[in-house]
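In: Requesting a structural model of the entry that follows:
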Amino acid sequence: MAIKLRILPRKRNEDDVKLIRYIIDYFGYRPKKMEFFYTALTHRSIELNSETESNERLEFLGDAVLDAVVAELLFKKFPGNDEGYLTKLKSKVVNRKTLSDIGERMNIRSQLNYSATRQVNVASLEGNAFEAIIGAIYLDGGFDTARKCIQNHVLRKFVDLNKLLEEEIDFKSRLIIWCQKKRLKFSFDIENEQHIHGSWEYVVQIKINGREFGKAKGQSKKQAEQLAAQETLKLLGEI
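Out: Numbering: from 1, shown residues only. I've put the predicted structure just below:
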C-alpha cells in the first residue's frame with residue numbers, strides 16, 4: 001500500500017511573526033502564504049537573486065484592486081452623480097500623494113526591504129508597497145477579503161474620506177458632500193432655459209429639504225449649477 005506523505009507547512013520564524021502582527025494591526029488580515037507579503041515589501045533597489053522578485057507586479061495588482069474598491073464605494077456613496085464627478089473624487093482618494101501619506105502613517109518603511117545607499121524617495125516607496133500589500137491580500141485571501149480590509153481598516157483608520165472629498169474645489173461637489181454628510185435631501189432644479197440673442201441662458205434653483213437656497217443663471221447648466229451652489233454655500237456659512 002502506498003504511503004502518502006503529508007507536507008507540513010514551514011514553521012513560523014521570528015520575522016514571520018513580526019510581519020504577521022504588522023499586517024493584522026494595520027490591515028486587519030492574517031496572512032497565510034508569507035511569500036506574497038515578503039515580496040510586497042521588497043523594493044527593486046536591493047540585489048535580487050533568481051528566487052526573489054520585487055514588489056512591482058504586486059503593486060500593479062494592488063493598484064487595480066484598490067481602484068475597484070474605491071470606485072464601488074463612491075458609486076454607492078454618491079448615487080445619481082455622473083461618471084465625471086465620481087472619477088474626480090476617486091482620483092483624490094487613490095492619487096500618489098494620498099497613497100504615500102497612508103504608507104507613511106502605517107510606517108511601512110519599518111517593514112520595507114530596500115537599499116538605503118541608493119537615492120530613493122522613501123515616501124513614494126511606502127505608497128507603492130502599500131498597494132503591493134493590497135495585491136498580496138487579494139492573492140492570499142480573495143477580492144472580498146481585500147475589499148473588507150480596505151473599507152474597514154485602511155479607509156476607516158488612515159484616510160479622512162470626508163475631509164479629503166471636501167477639499168474638492170468646485171462648489172457643486174462641496175455642496176453635495178455637505179448635504180450627504182448631514183443626510184439632507186437636495187436638488188438642482190432648472191427653472192428656466194431660453195435662447196436669447198444667439199446664446200442659451202439657464203436658471204438653476206437649489207433646494208435643500210424642500211427649502212429654496214441659492215439661485216443663479218449661466219450660459220450653460222454646469223455654470224448655473226456652480227454659481228447657485230456657490231451662493232448656497234455662502235448662505236449656509238460654509239464659505
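
In: who's in contact with Asn55?
Out: Residues in contact with Asn55, defined by Cβ atoms under 8 Å, 6 or more residues apart in numbering, are Thr39, Ala40, Leu41, Thr42, His43, Arg44, Asn128, Ala129, Ala132. C-beta coordinates here come from the backbone N, C-alpha and C atoms, glycine included.

In: Could I get those residues in CSV, plus columns for pLDDT and distance to Thr145?
Out: Shown next, in CSV, are these (pLDDT from 0 to 100; distance: Cβ to Cβ, whole Å):
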residue, pLDDT, distance to Thr145
Thr39, 95, 18
Ala40, 96, 15
Leu41, 95, 19
Thr42, 92, 22
His43, 88, 25
Arg44, 84, 27
Asn128, 93, 21
Ala129, 95, 19
Ala132, 97, 16
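
In: next helix or strand past the lowest-mean-pLDDT helix or strand in the chain?
Out: Confidence across the helices and strands of the chain bottoms out at helix 161-166, with a mean of 67, counting by mean pLDDT, DSSP states H and E. The C-terminal neighbour of helix 161-166 among helices and strands, as given by DSSP states H and E, is helix 171-181.

In: what's the spacing between that next one and its chain's center?
Out: 19 Å (Cα atoms, centre = their mean, to the nearest Å).

In: just to revisit the earlier point, looking at the contacts of Asn55, spot the one nearest Ile102.
Out: Ala129 (10.5 Å; Cβ to Cβ).

In: Go ahead and confirm that closest one touches Asn113.
Out: No. Counting by Cβ atoms under 8 Å, Ala129 stays clear of Asn113, with 9.3 Å between them.

In: Name the residues contacting each of the two.
Out: Residues touching both Ala129 and Asn113 by Cβ under 8 Å, 6+ apart: Leu41, His43.

In: Of the contacts of Asn55, just say which sits nearest to Lys172.
Out: Looking across those and measuring by Cβ to Cβ, the closest to Lys172 is Asn128, at 33.6 Å.
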